[in-house]
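*Asks:* Quick one, structure for this:
(one chain, ligands or ions: 1)
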Amino acid sequence: MTYKLKFKDILHTNQFSVEDLDFIFSTAKQMEKIITWESQWGQLKWKIMASLFYEPSTRTRLSFESAMKRLGGEVITVSEAGTSSFSKGETLEDNSIITSMYSDIIVMRHPQIGSVKKSADITHLSVINAWDWSNQHPTQALLDVYTILKEKKRLNNLKIAIVWDLKFWRTAHSLVYLMWLYKNIEFSFISPTELKIPEKVTSFLNDKNIDYSETDSYIEWLKDVDVLYVTRIQKERFTDISEYENLKDDFVLNLELLNNAKTDITIMHPLPRVNEVDSEVDKLPNAAFFRQAQNGVPVRMALLKILCERV
Ligand code: CP
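*Replies:* Numbers count the residues shown, from 1 in each chain. Sure thing, here's the model as predicted:
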């Protein structure tokens, strides 16, 4: 492999070019073979990944840890802020210096915007942002785009609808920041006014001259959609819980609603879900959300391999 990424950290979706994505996705494709080909598992033998999760996670933490182990590496973990010396008042700076002495690559989820970048600036190691609050979740966006590529066999000429909580869902924003790179992409943002897509995202699309529409109506919007990306309304993000209670059951994707959709629509969700996708949808061949979560392993294997082998 002669291609090299020009950066050491994965912090933000804006950092990628189409060539970077091609490189990551072709490496992920190779990683899919390694998952079932044990003789290749030792590629990162002797490497240690620090898995620092100061906010809850199932998919991101476990798929990163699974990815490192599939490559033959080791994992050291903090899975709760309360079990780290943050709880004794240690600074992020000191914590990052110490962690970098014990590992070869760092994956971090942290509840403060910019915290992962701060940690990356301190250490010579590669640091991967496993999300910093409502800011960025770049590896989710990478696996989302990889899933679109696998499901649709293309990344150009797509109408993508993103539905429900567009205000807080960083994966929805991150998806926009990656998919605009491809040709003839059109976005539809469907949400109640209280949860509409932030202006920073629409301003970004305006600057790039990318087509998008916004609506609060759940009727008729599915007609021409190729990829439907559903998000969860996040109780934990509301300061006024009555606002959450008023909104929480307003949108449910079910078979009746999908009668208005194209037959080859791809249905995605970053998960976890609560009520917004009825379980009867799971049995449709177009329901790609569990395959999407599974794609987290080869994509994260690819990132670990590329970053650990870049020096
Ligand atoms: N999609 C996602 O980030 O899931 P977790 O919060 O479980 O990691």
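
*Asks:* Quick one: low-confidence residue ranges for the stretch 201-311 of the chain.
*Replies:* The model of the stretch 201-311 of the chain has pLDDT under 70 over residues 219, 237, 311.

*Asks:* Which single residue in it comes nearest to the ligand?
*Replies:* Closest residue of the stretch 201-311 of the chain to the ligand, Cβ to the nearest ligand atom: Pro270 (4.0 Å). All C-beta spots, glycine's among them, are computed from the backbone N, C-alpha and C.

*Asks:* ok, which residues in the stretch 51-200 of the chain are in contact with the ligand?
*Replies:* Proximity of the stretch 51-200 of the chain to the ligand is confined to Ser57, Thr58, Arg59, Thr60, Gln140 under the rule Cβ under 6 Å from any ligand atom.

*Asks:* Please name the residues that touch the closest residue to the residue of the stretch 201-311 of the chain closest to the ligand other than its chain neighbours.
*Replies:* Nearest residue to Pro270 in three dimensions, chain neighbours excluded: Thr171, at 4.3 Å (Cβ to Cβ, 6 or more residues apart in numbering). Listed by Cβ atoms under 8 Å, 6 or more residues apart in numbering, the contact partners of Thr171 are His137, Gln140, Ala141, Asp144, Thr231, Pro270.

*Asks:* now do Ala141
*Replies:* Counting by Cβ under 8 Å, 6+ apart, Ala141 makes contact with Thr13, Thr171, Ser174, Leu175, Tyr177, Leu178.

*Asks:* Quick check: of those, which lies closest to the ligand?
*Replies:* Nearest to the ligand, judged by Cβ to the nearest ligand atom, of those is Thr171 at 6.4 Å.

*Asks:* Wait, a helix at that closest one?
*Replies:* Yes - assessed with DSSP: H, G, I helix; E, B strand; the rest coil, Thr171 lies in a helix.

*Asks:* And the closest residue to Ser103 other than its chain neighbours, what's its pLDDT?
*Replies:* Among residues not flanking Ser103 along the chain, Ala50 sits closest, at 3.8 Å (Cβ to Cβ, 6+ apart). We have a pLDDT of 98 for Ala50.

*Asks:* repeat for Ser39
*Replies:* 58.

*Asks:* circling back to that earlier point, which pair in the contacts of Thr171 has the greatest spatial separation?
*Replies:* Greatest spacing in these, by Cβ to Cβ: Ala141 and Thr231 (13.0 Å).

*Asks:* how about Val225, what does it touch?
*Replies:* Residues counted as contacts of Val225 (Cβ under 8 Å, 6+ apart) are Lys159, Ile160, Ala161, Ser188, Ala261, Lys262, Ile265.

*Asks:* Ok, Val281 next?
*Replies:* Leu253, Asn254, Leu255, Leu258, Ile267, Ala287.

*Asks:* correct me, but the first one touches Val277?
*Replies:* In other words, Leu253. Yes - contact between Leu253 and Val277 holds when scored by Cβ atoms under 8 Å: they sit 4.8 Å apart.

*Asks:* Which element, helix or strand, includes Arg291?
*Replies:* Assigned by DSSP states H and E, Arg291 belongs to helix 289-294.

*Asks:* Then Tyr229?
*Replies:* Using DSSP H and E, Tyr229 sits in strand 227-230.

*Asks:* Give the next helix or strand downstream of that strand.
*Replies:* Using DSSP H and E, the helix or strand that follows strand 227-230 towards the C-terminus is helix 241-247.
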